[in-house]
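*Asks:* I'll drop the sequence and a predicted model, then ask my questions.
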Amino acid sequence: MVQAIKQPVVDFYLYPPVGDDDWRYLSQTALVRMLELQMLSRAALLDMANAESFDQAADLLSAAEYVLPSTRNRFAEMESILSLRRAELRQLFSQLMLNKAVIRIFRTRDDFANMRLAIRKVVTKKPLDADFSSDGNISPEQFKQAFEQEKYELLPDYLQEAAEQAVLAYYQTKDIRQIDFTIDNIQAEYNLKMAQRLKNIFLLGLFRIHIDLTNIRTMFRLKFIQSQDQFQQPSGHGVPAEPGDKFFLRGGYLTLERLKLALDAGYEALGQLFFVTPYWRVVEAGANYLMSNKSFLKLEQQCEEHLTEFLKSTIQIVTGPQPIIAYFLMKENEIRNVRLILTAKKNFLDTKLILDRIS
């Protein structure tokens, strides 16, 4: 596993380059360009958010692929339909992507998610039941066997390391969050290592942006804990009083020094601190909303929007794998937003909160 990844130079304004055309993907690119036109518009999502009830929001999907049957169990049907659409999307992605190594990289998202779940169950003495995703590279049966028999060598190297380090990190502090910190770091290193091996400029930019946005979220949450006087807790619980580098992922465009400076700066100064970075709008909007509402909703919305705009920048590519990856990720995000809005409506969440999250 990569021990130290050099800090890349930020030589762009908002988004890194997406790479060159690859004419092997001519027909695949044409297909996803057509499919992009069928995606839900921002106006459609806002109309759903402004609907007075769950049923009215669901009815707005009547002309889309998410149409829900008019039954008494519409909410239950919603999850089935959205899960089906996601499965169809992943199958399509596998069919269109010529480089199977790229498919394996995105499937590792489920591998690492399964790893988090397995370790949490083990350390909390819960049974390894059937909650594992079957969309990864490793089957749920392999995960169960590896953890029930404590034979991590049954897993690939990147998962062996994740299992060993995450379990060790947990027992050193007895803090369940150390599992996530450790696995996030190993997953980020793995993604960068694979993108570098493939010499894929687009994937490198995508994964480095993801690292930065994760670090920005972490920075805000650590600051919030500090401001609530919950940051310093008894030994063996919570986050240490002086968070070091280990709470931030390596390999992004942001320097760790800037992130650590942000922990000591006031919320009102964060926009200025990040002004020379591509993320100043994300940070400033997130800080202002957090100060006013004690909520991370706007931060999450801004992170999502920044990543989406980077994916949209693949419009400059005539043909290549970049538009296929971008469509895949944007469509996954659309499915999540439909689920988010309908779930919020079902639970009578304030419309303003929904709008703050998606717009």
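*Replies:* That came through, no problem.
*Asks:* pull the helix or strand with minimum mean pLDDT from this protein.
*Replies:* Ranking every helix and strand in the chain by mean pLDDT, DSSP states H and E puts helix 140-148 at the bottom, with a mean of 86.
*Asks:* and for V167, the neighbour number?
*Replies:* Other residues within reach of V167 by the criterion other C-beta atoms under 10 Å amount to 19. All C-beta spots, glycine's among them, are computed from the backbone N, C-alpha and C.
*Asks:* what sits closest to it if chain neighbours are left out?
*Replies:* I119 (6.1 Å; C-beta to C-beta, 6 or more residues apart in numbering).
*Asks:* list the contacts for the one you found?
*Replies:* F147, A163, A166, V167, Y170, I179, I183 (C-beta atoms under 8 Å, 6 or more residues apart in numbering).
*Asks:* which among those residues gets closest to D21?
*Replies:* Looking at the contacts of I119 and their distance to D21, the nearest is I183, at 35.5 Å (C-beta to C-beta).
*Asks:* what residue is smack in the middle of the chain?
*Replies:* When the chain is reduced to its mean C-alpha position, the closest residue under C-alpha atoms, centre = their mean turns out to be H210, at 7.3 Å.
*Asks:* which is the succeeding secondary structure element to the helix or strand harbouring that residue?
*Replies:* Following DSSP states H and E, one finds H210 within helix 201-227. Counting by DSSP H and E, the next helix or strand C-terminal to helix 201-227 is helix 256-264.
*Asks:* buried residues, that following helix. List them.
*Replies:* When burial is assessed from 16 or more other C-beta atoms under 10 Å, helix 256-264 yields the following buried residues: L256, L259, A262, L263.
*Asks:* picking up where we left off before, before we move on, what SS does the residue nearest to V167 have?
*Replies:* Using DSSP: H, G, I helix; E, B strand; the rest coil as the criterion, the local structure at I119 reads helix.
*Asks:* so what's L154 up against?
*Replies:* Shown here is L154, whose contacts under the criterion C-beta under 8 Å, 6+ apart are Q142, Q145, A146.
*Asks:* convert stretch 283-294 to PDB, retaining C-alpha atoms only.
*Replies:* What follows is the C-alpha trace of stretch 283-294 in PDB, where atoms were taken according to Å, rounded to 0.1, in the frame of the first residue of the first chain:
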ATOM      1  CA  VAL A 283     -16.300  26.200   2.700                       C
ATOM      2  CA  GLU A 284     -17.900  29.600   2.900                       C
ATOM      3  CA  ALA A 285     -21.400  28.500   2.300                       C
ATOM      4  CA  GLY A 286     -21.000  25.600   4.700                       C
ATOM      5  CA  ALA A 287     -19.600  27.800   7.400                       C
ATOM      6  CA  ASN A 288     -22.300  30.400   7.100                       C
ATOM      7  CA  TYR A 289     -25.100  27.800   7.200                       C
ATOM      8  CA  LEU A 290     -23.500  26.000  10.100                       C
ATOM      9  CA  MET A 291     -23.200  29.200  12.100                       C
ATOM     10  CA  SER A 292     -26.900  30.100  11.400                       C
ATOM     11  CA  ASN A 293     -28.500  26.700  11.700                       C
ATOM     12  CA  LYS A 294     -26.100  24.400  13.500                       C
END
